[in-house]
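J.: Pasting the sequence and the predicted model now:
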Amino acid sequence: MSRIRQIRAIAFKELIDYIRDWRTLLAIVLVPLLLFPILFVALPLLLQAEYVERQEFDLQVVIQTNDDVESLKPFLFDTDMELNWEVVPEGLANLSDSALEDERIGSGQAHSVLRLQKNIENGTIWNYAIIYDSTDERSNEAKRRLLEAVFSWEGEQVNTTLVQAGLDPESTLDPVRWDGDSQVADVATTGQQAGFALSLFIPLIVATWTATAAMQPAIDMTAGERERGTLEALLCAPITRMELLVGKWIAVATIAAVGVLIQVIGLFLAIAMIAGGSSVLGMPSIGAAALILMFASILLFAVMIVAFQLALAVRSHSVKEAGTVLGPIILLIIIPALFAQLINLEGIEYWWFIIPVVNILIALRELLTDTVVVEHVLLWAGSSLLYALLAAWYASKQFNREDLVESIN
Amino acid sequence: MSEILLTISDVSKQFSHIEALKSVNLTLNRGEIVGLVGGNGAGKTTLLRLMCGLYHPTDGQVLFHGDSGPSPVAEMRRFLGVVPESTGLYYRLTAWENIRYHSRLHGISDEECWKNTLEIARDLDFVDSLGRPTRGFSKGMRQKAALIRALAHKPEILLLDEPTSGLDVTSARMVRALVKQMGQAGGTVIYSTHKLAEAEQVCDRIIIIHNGEVRADGSPGELLELTQTTSLEDAYVKLTLDAARETEKDDDEGKIARLWRRMMTPRKLPEGGEEDE
């Protein structure tokens, strides 16, 4: 009876205490909610704006050639750059020899130099090179526009040659073509496609955000209590250490779950904003069994991570000490999480499903594509349950330490 | 005949290489206000924590005598009210929320807790502060809030660890008056302090602890008689003539951490100072 009430009282108090800090809202709600919209929407907008800005650059280029390039000129005029014509300098090892142009490009007198000359051995081939500075944005933009002009001119040259030879350029250059819409040929449903696309994001988010979102509250509710001297009074109450652990676990897991949920919502919001009804970036179609198993896998993962973090944090005498211990632990989650994204699911070996952290991430990837393989489920569920129990046992051992009542204050 | 509430039988407590308490035998009766007096590191806090069931004795046992007979005190914490030296208030919660939280853990309903809280808060002139977050509280206000929290579930025994430490004269007097009032109403209090005069003012019985041993246990008059002195201060000095022990405790520090700390800590003091350790 009162055992559950006491655990509920602990969890409720921890949540209230934690939520009253406005920085919590920032860390748990605002950051995860805005992360993906910022990455998916604001970043492309920024890139677009930067692209437009680059197109408005006033650029000066030098065209060095000793031959007639009348047919190239219209393409160069289209680049909207100031063109200065020169002959190709003598004594170059080859056209890419940049030695003579260092100073001119470095000082900004010219942003790029296009050198162009007919091949001495074969008069139908042109050799060219563009001298530029890869660390200068204007020089890079000038090079891009010059390349665009050269490729367009090359295309025209090819077409002219083919026509002169009595060939149809279209059928000669593109003799094998896809018929119809390639997306319609995909037998996967739009929901399956969406599940596959999301399986590249969701597991990584769940793993990393569960660990990072749980870290701060885990420290605050354990090492923070020790540091502030509130733990001694709490331990004098008629509750067992296990009840205390469970109450705190519920609070930390709730905060982490809310954080993960908000981040996933943020991800879907971002997808909705950029996809505009795209079939690939939409809602995945996942069966009830896969959905239940997904929640079970996340729950097991959370039990393990939160218990482990609480155990490590409660050993520390101060928030600073706990942060020093738990900070690097996050890497133990992130590194296998990144590896797990690269593993081929087709014909995957069974042993992957018993490696801590990796097993849950692979399971999530598989389940997001609505694939339920019984052997896989048994392996990840069994091993994760074992790890969760081990973490809970370790946490209960740490919570039973006699020195918990001691505070650095 | 006095009713026994707590017995401490042959209790010792060892922390790594330090024997914090040595074969302590005590009995606490209902209605007594008992002062635990000793210097820093004498073993007062260790004894209090054993009485709360926070520490387990290395030897011996601490038993609470309830209606169902004697039981280990760790299982009977619902009958205790504790105010640790740090007060242990959550600064983002109001005073009332702090009190209510602990009462919920003691299985007391919010209504009953509020009734008891109001009663005690009126005595301590604290009603107006109940709804305020404890973040801005002075030491005296924190002590009052912690006292109400410890009493709101109507404990059988109140354990106070240095309750007037850091308080101004008025607040300290108010706390002492409340403890006395509790004693007059039949309450049982264990009052740990290093101030002898305070113990003399408040307590019916004084236990002097030194270097982990109980050196004397009795009323102020009995202590004077025992030591053949005319003041409690003289009695205390006579009972604690041997030098106080060094009580630095670092047994929870790992071996690697300790080794690293020692390597990174200069052992030499500036000229004129003595070499450390």
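T.: Cool, got the structure.

J.: Show me what whichever strand or helix holds A:L378 packs onto, helices and strands only.
T.: Here A:L378 sits within helix A:374-399, counting by DSSP states H and E. Under the contact criterion of 3 or more Cβ pairs under 8 Å, 6 or more residues apart in numbering or on different chains; DSSP states H and E, helix A:374-399 touches helix A:241-275, helix A:288-315, helix A:358-368. (Each C-beta comes from the backbone N, C-alpha and C, glycine too.)

J.: what sits against residue 143?
T.: Just going to use chain A. A:S112, A:I130, A:Y132 (Cβ atoms under 8 Å, 6 or more residues apart in numbering or on different chains).

J.: should've been chain B
T.: Contacts of B:Q143 by Cβ under 8 Å, 6+ apart are B:V83, B:T87, B:P163, B:T164, B:L167, B:S171, B:V175.

J.: Was I right to think the fifth one contacts B:G140?
T.: Yes: at 5.0 Å, B:L167 counts as touching B:G140 under the criterion of Cβ atoms under 8 Å.

J.: Now the helix holding A:L378: buried residues?
T.: Residues of helix A:374-399 classed as buried: A:376-377, A:379-381, A:383-384, A:387-388, A:391-392, A:395-396, A:398-399 (neighbour count, 16 or more other Cβ atoms under 10 Å in any protein chain shown).

J.: Against chain B, how distant is A:Y387?
T.: With distances taken as Cβ to the nearest Cβ, to the nearest Å, A:Y387 is found 24 Å from chain B.

J.: In contact with the closest residue to A:V377 other than its chain neighbours, which residues?
T.: Among residues not flanking A:V377 along the chain, A:L293 sits closest, at 6.1 Å (Cβ to Cβ, 6 or more residues apart in numbering or on different chains). Applying Cβ under 8 Å, 6+ apart, we find A:L293 in contact with A:A363, A:L367, A:V372, A:V377, A:A381.

J.: Double-check that B:Q61 belongs to a helix.
T.: No: counting by DSSP: H, G, I helix; E, B strand; the rest coil, B:Q61 is not found in a helix; it is strand.

J.: Tally up the residues packed near it, please.
T.: Residues lying near B:Q61 (other Cβ atoms under 10 Å in any protein chain shown) number 15.

J.: Pretty sure it sits against B:P72.
T.: Yes: between B:Q61 and B:P72 there is a contact under Cβ under 8 Å: 6.7 Å.

J.: At the contact with chain B, which residues of the stretch 1-150 of chain A appear?
T.: With Cβ under 8 Å from any Cβ of the partner chain as the criterion, the stretch 1-150 of chain A meets chain B at residues A:S2, A:R5, A:Q6, A:A9, A:I10, A:K13, A:I16, A:D17, A:R20, A:D21.

J.: For ChimeraX, what selects the buried ones among the residues you listed?
T.: Buried residues among these (16+ other Cβ under 10 Å), as a ChimeraX selection:
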select /A:6,9,10,13,17
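
J.: Where helices are concerned, which of the residues of the stretch 1-150 of chain A next to chain B count?
T.: With helices defined by DSSP state H, the entries of these inside them are A:S2, A:R5, A:Q6, A:A9, A:I10, A:K13, A:I16, A:D17.

J.: what residues are up against the closest residue in space to B:L130 that isn't next to it in sequence?
T.: The shortest distance from B:L130 to any non-neighbouring residue, by Cβ to Cβ, 6+ apart, is to B:W96 (4.4 Å). Contacts for B:W96 (Cβ under 8 Å, 6+ apart) come out as B:W114, B:T117, B:L130, B:G131.

J.: Just confirm A:N127 is within a helix.
T.: No: read with three-state DSSP, A:N127 is strand and lies in no helix.

J.: So, low pLDDT: which residues of the chain?
T.: No chain was given, so I picked chain A. Where chain A drops to pLDDT under 70, the residues are A:1, A:274-283, A:407-409.

J.: that's the wrong chain, I meant chain B
T.: B:1, B:243-253, B:273-277.

J.: Near chain A, which residues of it? Just list them.
T.: Counting by Cβ under 8 Å from any Cβ, chain B sits next to chain A at B:49, B:52-56, B:76-78, B:80, B:82-84, B:86-93, B:97, B:101-102, B:104-107, B:146, B:149, B:252.

J.: Tell me where chain B has strands.
T.: Using DSSP state E, the strands of chain B run over B:4-15, B:18-29, B:33-37, B:59-66, B:69-72, B:80-83, B:157-161, B:188-193, B:205-210, B:213-218.

J.: in its sheet, what does the fifth one sit against?
T.: Sheet neighbours of strand B:69-72, with direction, are listed as strand B:59-66 (antiparallel) (DSSP bridges).

J.: List the buried residues for the longest helix that chain B contains?
T.: Longest helix in chain B by number of residues (criterion: DSSP H): helix B:169-184. For helix B:169-184, the neighbour count (16+ other Cβ under 10 Å) marks B:S171, B:A172, B:M174, B:V175, B:R176, B:L178, B:V179, B:K180, B:M182, B:G183 as buried.

J.: Now do it: distance to the chain's middle.
T.: Per Cα atoms, centre = their mean, to the nearest Å, the displacement of helix B:169-184 from the mean C-alpha position of its chain is 16 Å.

J.: Identify the residue nearest the geometric centre of chain A.
T.: Central residue of chain A (Cα atoms, centre = their mean): A:F201, 7.4 Å from the mean position.

J.: quick one: contacts for that one?
T.: A:F201 neighbours (Cβ under 8 Å, 6+ apart): A:L267.

J.: how much space between it and A:L342?
T.: According to Cβ to Cβ, to the nearest Å, A:F201 and A:L342 sit 14 Å apart.

J.: cool, and B:Y101?
T.: Where A:L342 is concerned, B:Y101 sits at a distance of 48 Å (Cβ to Cβ).

J.: Counting neighbours, go ahead and name the busier of those two.
T.: Set B:Y101 next to A:L342 and count neighbours by other Cβ under 10 Å: B:Y101 wins out with 23 against 6.

J.: ok, now which ones touch the more buried one?
T.: Applying Cβ under 8 Å, 6+ apart to B:Y101 gives the contacts A:A9, A:K13, B:Y90, B:L93.
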